[in-house]
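> Sequence and predicted structure are below.
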Amino acid sequence: MAGAERAVEIASGIAGTLALPRGDGPHPCVVLLHGFGGHRDEKGDLFGKLASRLAAGGIASLRFDFPGCGKSRGEFGDATAGLYRRAAIAAMRYARSAPGMRPERLGLLGYSFGGAIAAACLSGDAPRTRALALWAPVGDPAADMLESLGADRAAEAERAGAVSVPWGKAEIRLKRAFFQSLGELKPLEGVARYEGAFLVVAGSADRLAKHVAPLHDAAVKAGSRAQRIIDGADHFFGAAERRSPHVETLLGETTAFFAAALKK
């Protein structure tokens, strides 16, 4: 059975939710990285549902809002790849050091743009990750984000220093530094060095599904690796629907993956 959730402050101004299984532990923990312009619970409470599944299986999780998103401090327009990577590493360190955690049993999950950030947290000053899952990952950040946001708007940001971009029902303002930072993210290189358990998943109706096979094939050093295309699923896996079979598939397979990698 699942335990309890509590609000935490991971680092100065970074708001998170720590979901704990029942019992004193120590527990493995998975850090969840949301997508661009999202929040810690994700669309349709996708991350909240995953946290409950993990906790029921004896695995803690930590989800948080990137700076400028959700309840974390900062301006969304100040986003850069480096800022997000630093926030993710702060969350990974928090998860390792929190009471009742097993620091050597750390998992990481990145969704969409969060997938590119997760891949950037596999080396350097980041804590070691035992299991990595990528959902609908941005596999070529510069190209993928320009396709989503518009190359013309990236050019405008380069010229004027900032640009307004339609995003859902609202508009976001991004600075030149964001577009310039996208080249720092190299997911294929990140997973090529990774030696833990690896899972990459996307929906067949998602344009980012094209990155599943290349990322899987690049993970030549992984202790285990698996890829999954969920037939008929889009980028959101039907998360806004009341009962989506795609969400059930996604959550079930992801929970089983982390249980196999972190509980044994």
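That came through fine. Everything quoted here is computed from the prediction, not taken from an experiment. Residues are numbered from 1 along each chain as shown.

> Quick one: the strands in this protein, in order.
In the chain, strands defined by DSSP state E lie at 2-11, 14-21, 27-33, 60-64, 101-111, 131-135, 162-167, 170-175, 197-203, 224-230, listed in chain order.

> what lines up beside the last one in the sheet?
Next to strand 224-230 in the sheet, as set by DSSP bridges, lie strand 197-203 (parallel).

> now the angle from the partner strand to strand 131-135?
Inter-element angle recorded for strand 197-203 and strand 131-135: 10 degrees (by axes from the mean of the first three to the mean of the last three Cα atoms, to 10 degrees).

> tilt between strand 197-203 and strand 101-111?
Strand 197-203 runs at 30 degrees relative to strand 101-111, counting by the same axes, to 10 degrees.

> Just the CA atoms of strand 197-203, as PDB, please.
Below are the C-alpha coordinates for strand 197-203, written out as PDB (Å, rounded to 0.1, in the frame of the first residue of the first chain):
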ATOM      1  CA  ALA A 197      19.000  -0.100 -16.300                       C
ATOM      2  CA  PHE A 198      17.400   1.800 -19.200                       C
ATOM      3  CA  LEU A 199      13.800   2.100 -20.400                       C
ATOM      4  CA  VAL A 200      12.500   4.500 -23.200                       C
ATOM      5  CA  VAL A 201       8.800   4.700 -24.000                       C
ATOM      6  CA  ALA A 202       6.700   6.800 -26.400                       C
ATOM      7  CA  GLY A 203       3.300   6.700 -28.200                       C
END
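
> what sits up against that strand?
Here strand 197-203 makes contact (Cβ atoms under 8 Å, 6 or more residues apart in numbering) with 130-137, 191, 208-209, 211-212, 215-216, 219, 222-230, 232-235, 237, 246, 250, 253-254, 257, 260-261. For every residue, glycine as well, the C-beta is placed using N, CA and C.

> next one: stretch 153-170
Taking Cβ under 8 Å, 6+ apart as the rule, stretch 153-170 contacts 37, 77, 146, 149-150, 171-176, 178-180.

> Return the member of those residues nearest to residue 85.
Closest to residue 85 out of those is residue 178 (13.1 Å), distances taken as Cβ to Cβ.

> Now do the contacts for the closest one.
Shown in contact with residue 178 (Cβ under 8 Å, 6+ apart): 77, 79, 80, 81, 157.

> Pull the most distant pair out of the contacts of stretch 153-170.
Using Cβ to Cβ, the two most remote members of the contacts of stretch 153-170 are 171 and 180, lying 21.0 Å apart.

> Who has more neighbours out of the two?
The residue with more neighbours, out of residue 171 and residue 180, is residue 180; 15 against 9, by other Cβ atoms under 10 Å.
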